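A structural model of the following input is requested.
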Amino acid sequence: MHTFEVIVYCATIGAGMFFAYWEHKLRLQLTDEAVQPLKYVSDLDFLYDFKEGLQRERFLRSLPAQVKFKYRVAVGLKCLFFAILIVEVFVFQR
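Next comes the predicted model:
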């Protein structure tokens with residue numbers, strides 16, 4: 001029985017990670033042309049990635065709904081598999 005549980009957990013986690021990767025890839029594709037490189041970036045600027053992420057999120061919010069459809073599907077599927085994983089844990093622990 002434990003083998004079945006491990007296989008189900010691995011499949012669910014794998015599917016969730018696939019959709020998380022797809023979401024990340026779509027976010028980068030949708031916002032690549034809009035993100036401007038930051039000025040005066042030093043080697044010690046540890047907030048560069050954070051600032052770039054904020055720029056991407058701001059631009060992503062301003063896109064029309066038709067452009068963001070695939071992105072929203074990927075986010076929804078990622079959340080769905082996360083919820084399925086939580087339900088699986090509760091069901092299999094009984």
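
show me where the chain has helices.
Per DSSP state H, the chain carries helices over the ranges 2-31, 48-62, 69-92.

same list (those helices) but as TSV, adding mean pLDDT and mean neighbour count.
For glycine as for every other residue, the C-beta is placed from the backbone atoms N, C-alpha and C. What follows is the helices of the chain, written out as TSV (pLDDT from 0 to 100; neighbours: other Cβ atoms under 10 Å):
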stretch	mean pLDDT	mean neighbour count
helix 2-31	92	14
helix 48-62	84	13
helix 69-92	93	14
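
center of this protein - which residue?
Nearest to the geometric centre of the chain sits residue 20, at 3.8 Å (Cα atoms, centre = their mean).

separation between that residue and residue 60?
Remark: distance between residue 20 and residue 60 (Cβ to Cβ, to the nearest Å) = 16 Å.

over to residue 92?
From residue 92 over to residue 60 the distance is 36 Å, taken as Cβ to Cβ.

contacts only, for the residue nearest to the centre of the chain.
By Cβ atoms under 8 Å, 6 or more residues apart in numbering, the residues touching residue 20 are residue 78.

residues contacting the closest residue to residue 85 other than its chain neighbours?
Spatial nearest neighbour of residue 85, excluding adjacent residues (Cβ to Cβ, 6 or more residues apart in numbering): residue 12 at 4.8 Å. Shown in contact with residue 12 (Cβ under 8 Å, 6+ apart): 81, 84-85, 88.
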